[in-house]
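# Generate a structure from the sequence data that follows.
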Amino acid sequence: MIRILAKSVAGEMTDTMTLSSLNTEATKWHWVDINEPNDAENDAFSHHFPFFRAHVKNDHRYTKRPQLKLFDDYYFLSIQAVSPSTLKPHELQMYIGKNYFFSLHIDNLKAVNDVWHECRSDENISEEETPKEILHRLLDRLVEQYFMVANLLEDKIDALDLNSKHESIHKLNDRVFQIRSELLSFRRAVTPLQDIFQRMVGSTYVPTSDADNIYLRNISENLARLTHMIESNMEITSDIRDSYLSLTSYRTNSIMQTLTVITTIFMPLTFIAGIYGMNFKYMPELNWHAGYFLVLGLMMGIAISMYFWFRKKGWFDK
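Below you'll find the model as predicted:
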C-alpha cells in the first residue's frame, strides 16, 4: 500500500495526490509511506522515482539492524520499531530530503500511523522544515515505545518473584531465559541508535540547526538511559538465573544424598540376605531353631545403627 500526504503550493493539505504529481512543482513537500507494496505499486514507484528502484525492488533490503547512510542531497535512516504488545522488532526505513520524506516498512506500524494522522490534521505544521519535523515526531513516538517496552520487561522480571512460589523451577527458568532473549533483541535495536544520532549532530550531510542538535542530544541521552535500563535488567535476570540454577542444584544434591543414605543402609542388609539366600546344603545356621529371627534382628540392628550414625554426621539436617 502506498499513501501520499502533501502540501500544495496554495497551502492546502491533501492525501489524494498521485505519484506522478509529486515530481512537479505543485507541492511544497510530500510524504510517501510505503507499507508492503505489491508488484504494481513497486513498478509505479520505481517509475516515478528511479533513484530508489534498488531499494524498493530488492527483497533483501531489510537489514534488521539500525544504520545511517549519508548522501549528497538526502540521508537514509533505518530504525527498529519495537512493538510493546508483541516485543518484536519491525524495521522502518526512512529517506529524508529537503522537501520529501519516504518511509518503507513491511509491517503496519502504530507510530507511523499516529504521526501520519497528526500531520494530516495539523494545519500549523512547518512548510520548510516538514521532512525534518516528520522525522522528529516519528523518533519521539519510537522512543516512547522503547520506554514502554523497557517498563514492560521490568514488570515481567518483577512478576518472577511474585509467582516464584506457584510455579516449578523449570518453568521459572524457561521464563527467565525467554526474558533474557527479549532483552537481547531489544538491546540490538536500541544500542546502535545512540551512535547514529551522535553522528547526525553537526554533520555536514545532515542539515541541523542548534535546536536540532539539542533535540538529537536529548534523544541520545534517552537512548543512553534505555541502554542502562537494559543492562541493569540483564544483570538482574542473570542473578535470578544463577539463583534458580543454584537452588535446582541444591535440591538435586539433597535428593541424591537421601538416596545415597538409603542405598548405603541397605547394602549390608542385601549382603546378609544374599549369603543366606544361597542354596548350600551344609550351612550351620540352617539348623538353628531361632536362626531366622536372629538374622532379622542383626539386620535391623545394623540398619538402626547406620541411621543414627548418619544422623549424627548431619546428613539428615535440612
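
# could you pull out the strands for the stretch 1-150 of the chain?
For the stretch 1-150 of the chain, the strands defined by DSSP state E, counting those that start in this stretch occupy 2-8, 13-14, 27-35, 67-70, 75-82, 89-96, 100-105.

# now the helices for the protein?
Using DSSP state H, the helices assigned to the chain run over residues 39-48, 53-57, 110-121, 130-162, 169-200, 210-275, 291-312.

# among the ones you listed, which is nearest K98?
Smallest distance to K98 across the helices of the chain (Cβ to Cβ): 7.2 Å, for helix 130-162. C-beta: built from backbone N, CA, C; applies to glycine.

# Please identify the buried residues of that closest one?
For helix 130-162, the neighbour count (16 or more other Cβ atoms under 10 Å) marks 130-143, 145-146, 149-150, 153, 156-157, 160 as buried.

# Kindly provide the distance from the closest residue to A273 other than its chain neighbours to F266.
Spatial nearest neighbour of A273, chain neighbours left out: M299 (7.6 Å); criterion: Cβ to Cβ, 6 or more residues apart in numbering. Distance, M299 to F266, by Cβ to Cβ, to the nearest Å: 10 Å.

# Kindly report the same for D174.
Counting by Cβ to Cβ - D174 and F266 are separated by 37 Å.

# I196: how many residues sit nearby?
18 (other Cβ atoms under 10 Å).

# thinking it is in contact with L70, fair?
No. Using Cβ atoms under 8 Å, I196 is not in contact with L70, being 10.8 Å away.

# Quick check: bridge partners of L77?
L68, M94 (DSSP bridges).

# hang on, it packs against G97?
No. The criterion here is Cβ under 8 Å, and L77 misses it with G97 at 11.9 Å.

# and the two? which has more neighbours close in?
Counting neighbours by other Cβ under 10 Å for L77 and for G97 shows that L77 has the greater number, 23 against 13.

# quick one: contacts for the more buried one?
67-68, 93-94, 96, 135, 196 (Cβ atoms under 8 Å, 6 or more residues apart in numbering).

# now for these, which pair is the farthest apart?
Q67 and L135 (15.3 Å).

# need the contact list for the spatially most central residue of the chain.
Central residue check for the chain by Cα atoms, centre = their mean: the C-alpha nearest the mean position is that of E182, 1.9 Å away. Residues near E182 by Cβ under 8 Å, 6+ apart: 87, 153.

# again, 6 Å this time
Contacts for E182 (Cβ atoms under 6 Å, 6 or more residues apart in numbering) come out as L87.

# Report the separation between it and T14.
The value you get for E182 to T14, if Cβ to Cβ is used, is 41 Å.

# Please name the nearest non-neighbouring residue to M13.
K7 (5.4 Å).

# I misspoke; the intended subject was W288.
L294 (7.0 Å).

# do I240 as well
V176 (5.5 Å).

# that older thread, just the buried ones from the contacts of L77, in ChimeraX syntax?
For the buried members of the contacts of L77, the matching ChimeraX selection, counting by 16+ other Cβ under 10 Å, is:
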select :68,93,94,96,135,196
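
# Sketch out the low-pLDDT regions of the stretch 201-318 of the chain for me.
202-205, 207, 317-318 (pLDDT under 70).

# again, only using 50
Counting by pLDDT under 50, the stretch 201-318 of the chain contains no low-confidence segment.

# cool, and the stretch 1-150 of the chain?
For the stretch 1-150 of the chain, the ranges with pLDDT under 50 are 56-60.

# In terms of pLDDT, where does the residue nearest to the centre of the chain sit?
Residue-level confidence at E182 comes out at 89, pLDDT.

# Tell me how far it lies from I157.
For E182, the distance to I157 - Cβ to Cβ - is 11 Å.

# cool, Y244 as well?
13 Å.

# do S209 as well
Taken as Cβ to Cβ, the span from S209 to I157 is 41 Å.
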